[in-house]
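Undergrad: sequence first, predicted model second:
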Amino acid sequence: MNRKHAGTLSVLLAATTCSSTLAEEYITYVGAIDVGHPLGRIVADPVRSKVYGITAEGDIVFIDRNSWSVENVVSTSRLLRDIDIHPSNDYLSVLDNVTGEYWDQPAAVFILNYDLETQELSGILLAQAPFYQMAFGPTDRIVGVEVNQFVSVHLVDSTTGGWIDSVSAGTYSSTEWTGPNFFITNADGTRVYRTELASSPNDLQMIDSSTDDLSLIDTREIGTGFGSEPVFLNSTETSLYAGSTRLDPNNLDLVLGVFPESIYAATGDDTLAIGLDSVYDPAWGTNLQAMPVSNNMMVFGEGEQYLYSFDTSTEQLHVMTVGPKPTCAGDANGDGLVDPLDSGFVLARLGCSVDSGDPDCDIADQNGDGLVDPLDIGFVLARFGDCE
């Protein structure tokens, strides 16, 4: 190294303080698919490059990311109110509420099943409960909630449609059904989480659905206005987001984080929490970046590689990629330490620019100025030590 470079490093070491994360673009905008249908709810296929949605007019819309197009529209002329993918990833279930009216809820509703390979109707279930929202419960079970001033969560047999059990579950004083989720289950369907609608205070409820005897096991106030708060459980079930609060999914009294806005999606590794306006660090609530688009109807797809959001004003589905995740500043090789191995990683790539097409150059450019140079080595040296 020549004297000029050595002097640059010494000045940098004296002036730099340690930082926990690098400035990155964690959510990257890819483009928009013109859907041309007013979707009220969407779900993303966890294994296929597809998104499915429903409209108030009774349409089921199948969208393909690979072709950037709507590949199929099934018109049912039914009052569709919810949509979910079976845990087997074999079929899509759509809830037909029959009436869609607040004071005229049916005693039973239809659940339409569509094969995800053929996109054709594969079965119809007459569920003996007044579902307005639904989700899959344990094996051969579906749970759902009605709409009324005072409501219950119901459990039915997904093979026969027979009613099994109900439990009182606060209020759902609105026919609102579009947008984010207010009613969800965990991966194996043994736990239900829901937020009340058009109620003050607005409570979050946790219901045990692991057996055929439903029970309300915990509640927490999450809002005081007559609005609604979204609820989201991350894929590893380590974090439950209700409105602007991150909670322990097993203990609603334990707050894990707070944010300046409601969170609509979050990664399973607890590195990103996504609101309408910004992306946040789930632990500290630190603003990591602005969101490329701002819509409250958003879902992850394909193992959280993609984030989709639907704009109701333009009827477009926006596609974004997720990553890279926040890393320790200076840890170029990702081993959890900032040490000579990291400075060596950068040194071996001196002179490399980020537009070279080599992903290692992007990593070695630790200060993000587009060029791997002695400033990047100084960046690493100033942060030697354990990432924690």
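TA: The structure has been received and is ready for your questions.
Undergrad: for the stretch 1-150 of the chain, what spans make up the strands?
TA: Taking DSSP state E, counting those that start in this stretch, the strands of the stretch 1-150 of the chain run over residues 27-34, 39-44, 50-55, 59-64, 69-75, 80-85, 91-96, 109-115, 121-127, 133-136, 141-145.
Undergrad: determine which of those strands approaches residue 311 most closely.
TA: Across these, residue 311 has its closest neighbour in strand 27-34 (7.9 Å, C-beta to C-beta). Yep, even glycine has a C-beta here, placed from its N, CA and C like the rest.
Undergrad: outline the domain layout of the chain.
TA: Dividing the chain into domains by automatic domain parsing, as the record does, gives the ranges 3-21+328-386, 27-322.
Undergrad: so where's the stretch 1-150 of the chain uncertain?
TA: Screening the stretch 1-150 of the chain residue by residue with the criterion pLDDT under 70, one finds the ranges 1-24.
Undergrad: what separates the residue lying closest to residue 39 once chain neighbours are set aside from residue 382, distance-wise?
TA: The shortest distance from residue 39 to any residue other than its chain neighbours is 3.6 Å, reached at residue 53 (C-beta to C-beta, 6 or more residues apart in numbering). For residue 53, the distance to residue 382 under the criterion C-beta to C-beta, to the nearest Å works out to 49 Å.
Undergrad: of the two, who's got more company?
TA: Between residue 53 and residue 382, counting by other C-beta atoms under 10 Å, residue 53 is the more crowded of the two (26 against 19).
Undergrad: surely the more buried one touches residue 45?
TA: No: if you go by C-beta atoms under 8 Å, residue 53 and residue 45 don't touch, sitting 11.8 Å apart.
Undergrad: on that earlier part again, which of the domains of the chain sits most buried?
TA: Among those, ranked by average contacts under mean count of other C-beta atoms under 10 Å, first place goes to domain 27-322 (a mean of 19).
Undergrad: first to last residue in it, what's the distance?
TA: The first and last residues of domain 27-322 sit 5 Å apart, counting by C-alpha to C-alpha, to the nearest Å.
Undergrad: quick one: that domain to chain centroid distance?
TA: Here domain 27-322 shows a centroid-to-chain-centroid distance of 10 Å under the convention C-alpha atoms, centre = their mean, to the nearest Å.
Undergrad: all the helices of the stretch 251-388 of the chain, residue numbers only.
TA: Using DSSP state H, counting those that start in this stretch, the helices of the stretch 251-388 of the chain run over residues 340-347, 359-364, 374-381.
Undergrad: ok, and what's touching the second one?
TA: Among residues not part of helix 359-364, those counted as contacts by C-beta atoms under 8 Å, 6 or more residues apart in numbering are 332, 345-346, 348-349, 352-354, 372, 376.
Undergrad: if you set the cut-off to 6 Å instead, what comes out?
TA: Applying C-beta atoms under 6 Å, 6 or more residues apart in numbering, the contact partners of helix 359-364 are 332, 346, 349, 352, 354, 372.
Undergrad: so the fifth one touches residue 370, yeah?
TA: When you say that, I think you mean residue 354. Yes: the pair formed by residue 354 and residue 370 meets the contact definition of C-beta atoms under 6 Å, at 5.1 Å.
Undergrad: show me where the stretch 251-388 of the chain has strands.
TA: When secondary structure is read from DSSP E, counting those that start in this stretch, the stretch 251-388 of the chain shows strands at 251-258, 263-266, 273-275, 278-280, 287-290, 297-301, 306-311, 316-322, 337-338, 385-386.
Undergrad: turn these into a markdown table, including mean pLDDT.
TA: Formatted as a markdown table, the strands of the stretch 251-388 of the chain follow (pLDDT from 0 to 100):
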| stretch | mean pLDDT |
| --- | --- |
| strand 251-258 | 96 |
| strand 263-266 | 97 |
| strand 273-275 | 97 |
| strand 278-280 | 96 |
| strand 287-290 | 93 |
| strand 297-301 | 96 |
| strand 306-311 | 97 |
| strand 316-322 | 96 |
| strand 337-338 | 84 |
| strand 385-386 | 74 |
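Undergrad: find the centremost residue of this structure, please.
TA: Most central in the chain under C-alpha atoms, centre = their mean is residue 265, positioned 2.8 Å from the mean C-alpha point.
Undergrad: with distance to residue 102 added, can I get the strands of the stretch 1-150 of the chain in TSV?
TA: Compiled in TSV, the strands of the stretch 1-150 of the chain are given as follows (distance: least, C-beta to C-beta, whole Å):
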stretch	distance to residue 102
strand 27-34	34
strand 39-44	17
strand 50-55	20
strand 59-64	23
strand 69-75	25
strand 80-85	12
strand 91-96	16
strand 109-115	15
strand 121-127	19
strand 133-136	14
strand 141-145	14
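Undergrad: stretch 143-158: end-to-end distance?
TA: 9 Å.
Undergrad: so what touches that stretch?
TA: Outside stretch 143-158, the residues that touch it by C-beta under 6 Å, 6+ apart are 105, 127, 129-135, 137, 140-142, 163-169, 171-173, 175, 183, 192, 207, 209, 214.
Undergrad: for residue 147, which non-adjacent residue is spatially closest?
TA: Distances taken as C-beta to C-beta, 6+ apart put residue 132 closest to residue 147, at 4.1 Å, once the chain neighbours are dropped.
Undergrad: same deal with residue 79?
TA: Closest to residue 79 by C-beta to C-beta, 6+ apart is residue 100, at 4.1 Å.
Undergrad: could you measure from the one you found over to residue 207?
TA: Relative to residue 207, and taking C-beta to C-beta, residue 100 is found at 24 Å.
Undergrad: equivalent analysis for residue 197, please.
TA: 16 Å.
Undergrad: now residue 321
TA: Separation of residue 321 from residue 207 (C-beta to C-beta) stands at 35 Å.
Undergrad: for residue 48, same thing?
TA: With distances defined as C-beta to C-beta, the gap from residue 48 to residue 207 amounts to 30 Å.
Undergrad: same check on residue 375?
TA: 55 Å.
Undergrad: do residue 303 as well
TA: 28 Å.
Undergrad: swap in residue 164?
TA: The value you get for residue 164 to residue 207, if C-beta to C-beta is used, is 14 Å.
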